[in-house]
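Visitor: predicted structure and sequence below. I'll ask about it afterward.
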Amino acid sequence: MTDFLALAQTIAPKLVAWRRDFHQHPELSFQEFRTAEIVARHLDALGAEVTTGVGKTGVVGVIEGNGPGPVVLLRFDMDALPVNEATGLPFASQHPGIMHACGHDGHTAIGMGVAEMLSQTRDAWPGAVKFLFQPAEEEAGGARATIRDGVLENPRPDAAFALHLWNQFPLGMLVVQPGPLMAASDHFVIVITGRGGHGAVPEETIDAVLVGIEAANALHHIVSRNISPHDTAVLSIGSFRAGKAFNVIAEEVIMEGTLRTFDLSVRERLIGRMEEVLAGVTAMHGASYRFEVIENEYAPPVINDERMTAIAYKAARRVVAEEQITQITPIMVAEDMSEILNRVPGCYIMLGAEPEDGARGPHHNPRFDINEDALPIAAAVMASVAVEFLNSSTAGESAAIPMKETS
Ligand code: NI
C-alpha cells in the first residue's frame, strides 16, 4: 500500500496553510459558505464529482478508483463556534465572536489533503471514496441535514469513517476502539408556572423560583438514586431564568439543560423519572410545568462497529507505532457522526494534537489551539483507512485489536 504518511508529509505545508486560512475565517453552523466554496473548488480541481448545498452548506465529492468496488464515506466537519478567540495567534480569527475552537478548521484541511492523496493514487484502489464535508456539527443538526439531502444514497456507502483532533491527548496518540466512544446528547427545557405577585404578600402567590429550586434539586437525585451505578448518565442544568424585579414574586421559571447517556433504556428511564419528579414537585405546590426534550437536537451515542474498527486499526498501524494506538474510557462529549454510524457501519477515530507547550485551553475554550504536526498524521490515517477498507475482502477480514488498559 502507498506510504500515506510519507505522502502526507510532502503536502504538510499545504495542510497548515489551509488550516490557518480556515482558522482566520471561521463560520458558524450552517453558515459555512466560504469554507464550502474553497472545498468544492479543490475537489473539482481533483476531478471529483462534486455536489454542493448538501444539508444547506455541505459539500460531497466522489472520487472513483481503478474499477468497480465498495464505497467508503469519509466525513469531515467544517463549522466554528460562537467563541471570542483569545489565543493571540498571528492567524487568529478575523471575525470577533466566532472561532474555530474545536479543530474543525484542521478537519477541513485534513479532508482536502486526503482527497488530494487519494486522487493521486486512484489507480491503486477499487471502488469509490465519498467525501462529506459536513456543516453544523456543533449544533448537532448537520449530519441529519446531509442525510435528509441523500448523502447516504447514490452511491450508498458500505462503510463510514471520521476523525477528531483532540488537543488534550499527546501528539500522535490514536484512539481506535470498538463499541461506545461518545455519549448520546439531549437538550431539555422545563417551564414551571406558578402565580406571580407582590414580594410582600407571598401567601397570595405560588413562587415559581422556590418550586424551580426544589425541582432542580430533586432532578439531581435521579442519576444517583434511580440509575444503576453500572450505567452512565449525566443530567446538567445549565440555565435557570426567572424574575425581573427584586420585589416581585416570579410567575415563571425556565430551566434548560443537557442529558448524556450511552444506552437507550437508561435515557428512557432518565426522561421518564424527570417527568414524574416534575409532576410531583409542582403538584405539591400547586404549580404547573411543561417539560420538553427537543427531539431534533438529539444526537445518538457514537458506537464503533467491530469489523470497521479492526480495519481502522490495521490502517492506523501503517501510520503509527502500535504503542501509539490506545483505548479510553468513553467520553461524555457528543458528536453527530453517530447519525451516520447508526445507518452505516464505521469507526470514529480520535487523534492527539496537544500543542508543544501543552494545551492552553481545552476544546471550546477561547485559548484552544492544536498542534499542526497532527495534520499530516491525521490525513495519512484517513487515507490509509479508506484504502484498507476498499482493499479488504468482503469475506470480513479482520485483525485482532490488542486490548489496552483504559486511561
Ligand atoms: Ni469538535
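Guide: Right, received. Where do you want to start? Because the structure is predicted, anything quoted here is derived from the model rather than measured.
Visitor: domain-wise, how is this protein divided?
Guide: Following automatic domain parsing, one finds the domains of the chain at 4-182+301-395, 184-297.
Visitor: tabulate those (CSV), appending mean neighbour count and mean pLDDT.
Guide: The C-beta positions use only the backbone N, C-alpha and C, and glycine is treated the same way. Shown next, in CSV, are these (neighbours: other CB atoms under 10 Å; pLDDT from 0 to 100):
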stretch, mean neighbour count, mean pLDDT
domain 4-182+301-395, 21, 95
domain 184-297, 16, 96
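Visitor: check what contacts stretch 269-280 and list those residues.
Guide: 186, 188, 190, 192, 215, 218-219, 221-223, 226-227, 233, 235, 259, 261, 289, 291, 293 (CB atoms under 8 Å, 6 or more residues apart in numbering).
Visitor: same question for stretch 147-156.
Guide: 53-55, 58, 60, 62, 71, 73, 128, 130, 132, 339-340, 343-344.
Visitor: cool, and stretch 296-309?
Guide: Contacts for stretch 296-309 (CB under 8 Å, 6+ apart): 139-141, 144, 159-161, 176-187, 261-263, 334-339, 341-342, 345-348, 389, 396, 398, 401.
Visitor: is it true that residue 16 touches residue 373?
Guide: No - judged on CB atoms under 8 Å, residue 16 makes no contact with residue 373 at a distance of 9.3 Å.
Visitor: residues shared between the contacts of the two?
Guide: Joint contacts of residue 16 and residue 373 (CB under 8 Å, 6+ apart) do not exist.
Visitor: next secondary structure after the host helix or strand of residue 106?
Guide: Using DSSP states H and E, residue 106 sits within helix 104-120. Per DSSP H and E, the first helix or strand lying C-terminal to helix 104-120 is strand 128-134.
Visitor: okay, the angle between that following strand and helix 104-120?
Guide: 160 degrees (axes from the mean of the first three to the mean of the last three CA atoms, to 10 degrees).
Visitor: what strands flank strand 128-134, and is each parallel or antiparallel?
Guide: strand 58-64 (antiparallel), strand 71-77 (parallel) (DSSP bridges).
Visitor: who's in contact with the nearest residue to residue 120 once chain neighbours are set aside?
Guide: The shortest distance from residue 120 to any non-neighbouring residue, by CB to CB, 6 or more residues apart in numbering, is to residue 7 (7.6 Å). Residues in contact with residue 7 (CB under 8 Å, 6+ apart) are 117, 120-121, 380, 383.
Visitor: now for those: which two are most distant?
Guide: 120 and 380 (13.3 Å; CB to CB).
Visitor: how long is stretch 157-175 end to end?
Guide: The stretch stretch 157-175 measures 23 Å between its terminal residues, going by CA to CA, to the nearest Å.
Visitor: if we can go back for a sec, for the strands paired with strand 128-134, give me CSV that also has distance to residue 303.
Guide: What follows is these, written out as CSV (distance: least, CB to CB, whole Å):
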stretch, distance to residue 303
strand 58-64, 23
strand 71-77, 16
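Visitor: to residue 202, which of these lies closest?
Guide: Going by CB to CB, the one of those nearest residue 202 is strand 71-77, 50.5 Å.
Visitor: from the chain's centre, how far out does the closest one sit?
Guide: 14 Å (CA atoms, centre = their mean, to the nearest Å).
Visitor: please, which helix or strand holds residue 165?
Guide: Here residue 165 is assigned to strand 159-166, by DSSP H and E.
Visitor: how about the strands in the stretch 301-407 of the chain?
Guide: For the stretch 301-407 of the chain, strands defined by DSSP state E, counting those that start in this stretch occupy the ranges 302-304, 325-326, 346-352.
Visitor: let's have those in a markdown table, adding distance to residue 276.
Guide: Formatted as a markdown table, the strands of the stretch 301-407 of the chain follow (distance: least, CB to CB, whole Å):
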| stretch | distance to residue 276 |
| --- | --- |
| strand 302-304 | 29 |
| strand 325-326 | 41 |
| strand 346-352 | 35 |
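Visitor: any idea how far the residue positioned nearest the centre of the chain is from residue 107?
Guide: Centroid-nearest residue in the chain, with CA atoms, centre = their mean: residue 335, separated by 2.6 Å. Residue 335 is 12 Å from residue 107, where distance means CB to CB, to the nearest Å.
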